[in-house]
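Undergrad: Output the structure for:
(2 chains)
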Amino acid sequence: MSVEQQHHIKLPEGSIEKTTTTLNLGPTHPATHGVFQNIVELDGERIVSAEQTVGYIHRAFEKLAERRPLFQITTLTDRLNYCSSPINNMGWHLTCEKLLGVKTPKRVDYLRIIIMELSRISDHLICNSVVGVDSGAFTGFLYVMQYRELIYEIYEEVCGSRLTTNMGRIGGFERNFSNSAFEKIEKFLAEYPAVLKEFENLFTRNRIFMERTIGAGPISAERALNYGFTGPNLRAAGVDYDVRVHTPYSSYEDFQFEIPVGSTGDCYDRFLVRNGEMWQSLSIIEQAYRKIQEMKGAESEIFHADVPEYYLPDKKDVYTKMEALIWHFKIVMGETAIPPGEVYQSVEGGNGELGFYLISDGGRTPYRLHFRRPCFIYYQAYSELTKGAMLSDAIIVMSSLNLIAGEMDA
Amino acid sequence: MALTNETIKERLIAKFGEQLSHFEEPYGFLTFEAPKDLNLKVLQFLFDDEELRFQFLTDLTAVHYPDQAGRELAVVYHLHNLTDNHRLRFKVFTSSEQPDVYTATQLYSSANWKERETYDFFGINFVGHPNLKRILNVDEMEYFPMRKEFPLEDQTRIDKDDAMFGRGGHLPLAGPTEGATAPAAQ
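TA: Model (predicted):
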């Protein structure tokens, strides 16, 4: 073959000169735990740049919410951060209650706190064990699963479902906690500390785990704040901002707990902060459970506030009482007008400040509802976090940020 | 000295005077309105001022009011002073014919995607944004879906053949088969 002929083989423009490799990580990749796409530019195994594409499971929740009465929006919030959906549900109920001016009884607040802290534990548990999986330690993940299972069983006792819980109502819970729910909470409180300790022993001082995570994806406090980080990721960088303390909701001010903080903002610190928070959550659950046990008389039976316009009446009453029937009909048909107003309410979600910005113009549905979704906001820092890191670090950074596709894409 | 809504309001008025308007406190949350050309000046002042120090951008979104001629779109900023733990909200209004608002990305890295999202759903053109393209919707989309002129589908419409989606639609559902008739009165 002559030299002339060889030149007929046309190589794509720039394919020889190009010294970096483009790699598509995702949208469906076994290591990404959700639908994320990262277009990574690699020099050898080092990351030169990363570009994120989001929106693969966008479901237009904000638009849908504009046509739904308040109680039908709870199911939408389930599907934001589905690792801790009860927190989203409670956050939404708190938003509505703020708009409507509903004052919830203490017992409702404490029951909510038990549920919210349980979901925080299940959220952190999954995140931390997945960081382990991505660094090659599968044991922890399988080992803690049975305790997440127990948490899900508690949800089941309370509301009947496990993952997308749709738990509670505006004003409280749909029914009182059953005895077996309390038994399971007791079981959890009794057995979980030993498990968490063992889980920590598996990782915290594990040389391989430390080598993999220390210095991976670090961020300074200043950059983290500028990037809008909240939750464990911000605290790992050394800023002690926690919505539960700064803007207490649902009577968090009645509880004693600490906010664990890190210093370097790397994967290891994020891991430690989440572990520390699980211990604090356990302590909060214990305190709340004790407070509930101490309640006497009528107070110990309350599980919802008195808001007939928004709280579905007992089925028995619907069949026998005129008023209950009217309320039931109005609520189910979505015929209750929402008072006009503008509220912002946030809760400390599993991975940061989950905010609800609700505008009502006096109609039956919200005029505008916006979710402040923490992982959508901090995922944009990903390319900065992984620049210059190894490809395997990119995976571990992604899992340690606790990115949940459902929340990111709303 | 703890920051209060009054002191913030005073400092803002001392700096910007009559240009800021509509000071309100719905549910204790200080809210005001600024002209859209001033949005960066207000953000910068709130950021730099030694007393105010609103240095955390909690949220950025938009609202569409189709009935307000000339000021149909509102861009809403939620800011947080983490040192004194105080929040405020401010809005700038723009027309939907020329929805140009200056970008806050120079001040807040987190504004990048928030503004892209706001552009994606409301079509607000953030002037100076480094990468203003759609983020959650497909690039080929030709409209801004969160605007009020795009209502959700009427749930009672019957002109659509839903059989493909397993809902039966207006077509008769799979009725009783030949042999199995309703129990006849005998």
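Undergrad: Kindly report the residues of chain B close to chain A.
TA: With the criterion set to C-beta under 8 Å from any C-beta of the partner chain, chain B comes near chain A through B:26-27, B:29, B:31, B:55-59, B:61, B:63-64, B:76, B:78, B:82, B:85, B:87, B:89, B:108-110, B:112-114, B:117, B:121, B:135-138, B:145-146, B:152. Quick note: C-beta positions are derived from backbone N, CA and C, even for glycine.
Undergrad: Just the ones in strands from these, please.
TA: Counting by DSSP state E, the part of the residues of chain B next to chain A found in strands is B:31, B:56-59, B:61, B:63-64, B:76, B:78, B:87, B:89.
Undergrad: For chain B, which residue gets nearest to chain A?
TA: Closest residue of chain B to chain A, C-beta to the nearest C-beta: B:Ser110 (3.1 Å).
Undergrad: Which neighbouring residues are in contact with that residue, exactly?
TA: Contacts of B:Ser110 were listed using C-beta atoms under 8 Å, 6 or more residues apart in numbering or on different chains, and they are A:226-228, A:377-378, A:380, B:57.
Undergrad: Any chance of the residues you listed in a markdown table with distance to A:Ile214 as columns?
TA: A markdown table is the format used below for the contacts of B:Ser110 (distance: C-beta to C-beta, whole Å):
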| residue | distance to A:Ile214 |
| --- | --- |
| A:Asn226 | 24 |
| A:Tyr227 | 21 |
| A:Gly228 | 25 |
| A:Ile377 | 26 |
| A:Tyr378 | 20 |
| A:Gln380 | 24 |
| B:Leu57 | 30 |
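Undergrad: Strands - which of the residues you listed land there?
TA: Reading strands off these with DSSP E, I get B:Leu57.
Undergrad: Which parts of chain A belong to which domain?
TA: Segmentation of chain A into domains, based on automatic domain parsing, reads A:3-53, A:61-409.
Undergrad: Nearest the middle, which residue of chain B would you pick?
TA: Closest to where the C-alpha atoms of chain B average out (C-alpha atoms, centre = their mean) is B:Ala62, at 2.5 Å.
Undergrad: For that residue, which non-adjacent residue is spatially closest?
TA: For B:Ala62, ignoring the flanking residues on the chain, the nearest one in space by C-beta to C-beta, 6 or more residues apart in numbering or on different chains is B:Phe122 at 4.2 Å.
Undergrad: these two touch, right, that neighbour and B:Tyr143?
TA: No. Contact between B:Phe122 and B:Tyr143 fails when scored by C-beta atoms under 8 Å: they sit 10.7 Å apart.
Undergrad: In terms of neighbours, single out the busier of these two.
TA: Using other C-beta atoms under 10 Å in any protein chain shown as the criterion, B:Phe122 and B:Tyr143 rank with B:Phe122 on top: 23 against 10.
Undergrad: Tell me who's in contact with the more buried one.
TA: B:62, B:64, B:73, B:99, B:144, B:146-147.
Undergrad: need the contact list for B:Leu20.
TA: B:Leu20 makes contact with B:12-13, B:32-34, B:42 under the criterion C-beta under 8 Å, 6+ apart.
Undergrad: show me what contacts the residue in the stretch 101-250 of chain A that chain B sits nearest to?
TA: Nearest residue of the stretch 101-250 of chain A to chain B: A:Gly228, at 3.1 Å (C-beta to the nearest C-beta). Taking C-beta under 8 Å, 6+ apart, we find A:Gly228 in contact with A:377-378, B:56-58, B:108-110, B:114.
Undergrad: Of all pairs in these, which one spans the longest distance?
TA: B:Thr58 and B:Ser109 (14.1 Å; C-beta to C-beta).
Undergrad: quick one: buried residues of stretch A:317-326?
TA: For stretch A:317-326, burial by neighbour count (16 or more other C-beta atoms under 10 Å in any protein chain shown) applies to A:318, A:324.
Undergrad: what about that stretch, distance to the chain center?
TA: Offset of stretch A:317-326 from its chain centre (C-alpha atoms, centre = their mean, to the nearest Å): 38 Å.
Undergrad: Using CSV, write out the CA atom coordinates for it.
TA: C-alpha atoms of stretch A:317-326 as CSV (Å, rounded to 0.1, in the frame of the first residue of the first chain):
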residue,chain,number,x,y,z
ASP,A,317,-68.0,10.0,62.0
VAL,A,318,-68.3,10.5,58.3
TYR,A,319,-71.0,7.8,58.2
THR,A,320,-72.9,9.1,61.2
LYS,A,321,-72.4,12.8,61.5
MET,A,322,-73.4,15.6,59.2
GLU,A,323,-70.5,17.9,59.9
ALA,A,324,-67.9,15.3,59.5
LEU,A,325,-69.5,14.2,56.2
ILE,A,326,-69.4,17.8,54.9
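Undergrad: got a list of contacts for that stretch?
TA: A:308, A:313-314, A:328.
Undergrad: again, only using 7 Å
TA: Applying C-beta atoms under 7 Å, 6 or more residues apart in numbering or on different chains, the contact partners of stretch A:317-326 are A:313, A:328.
Undergrad: So for the residue of chain B closest to chain A, what's the pLDDT?
TA: As predicted, B:Ser110 sits at a pLDDT of 93.
Undergrad: and what of the one 4 residues further on?
TA: On pLDDT, B:Lys114 comes in at 95.
Undergrad: distance of it from B:Ala62?
TA: 10 Å (C-beta to C-beta, to the nearest Å).
Undergrad: for A:Tyr82, same thing?
TA: According to C-beta to C-beta, A:Tyr82 and B:Ala62 sit 27 Å apart.
Undergrad: one step back: between the contacts of B:Leu20, which sits nearest A:Phe182?
TA: Of the contacts of B:Leu20, the one sitting nearest to A:Phe182 (C-beta to C-beta) turns out to be B:Phe32, at 48.0 Å.
Undergrad: What count of nearby residues applies to the closest residue to the closest one other than its chain neighbours?
TA: Computed as C-beta to C-beta, 6+ apart, the closest residue to B:Phe32 that is not its neighbour in sequence is B:Phe23, at 4.8 Å. Close neighbours of B:Phe23, defined as other C-beta under 10 Å, add up to 15.
Undergrad: Looks like B:Phe23 contacts B:Glu33 (just checking).
TA: No. The criterion here is C-beta atoms under 7 Å, and B:Phe23 misses it with B:Glu33 at 8.3 Å.
Undergrad: of all the residues in the stretch 201-350 of chain A, which ones are close to chain B?
TA: By C-beta under 7 Å from any C-beta of the partner chain, the part of the stretch 201-350 of chain A that sits against chain B consists of A:225-228, A:241, A:246, A:341-344.
Undergrad: Please indicate which of those has the highest neighbour count?
TA: Highest neighbour count within those: A:Gly228, with 29 neighbours (other C-beta under 10 Å).
Undergrad: Distance-wise, check that residue relative to B:Leu3.
TA: Computed as C-beta to C-beta, the A:Gly228 to B:Leu3 distance reads 21 Å.
Undergrad: likewise B:Phe93?
TA: For B:Phe93, the distance to B:Leu3 equals 26 Å [C-beta to C-beta].
Undergrad: same question, A:Pro86
TA: 33 Å.
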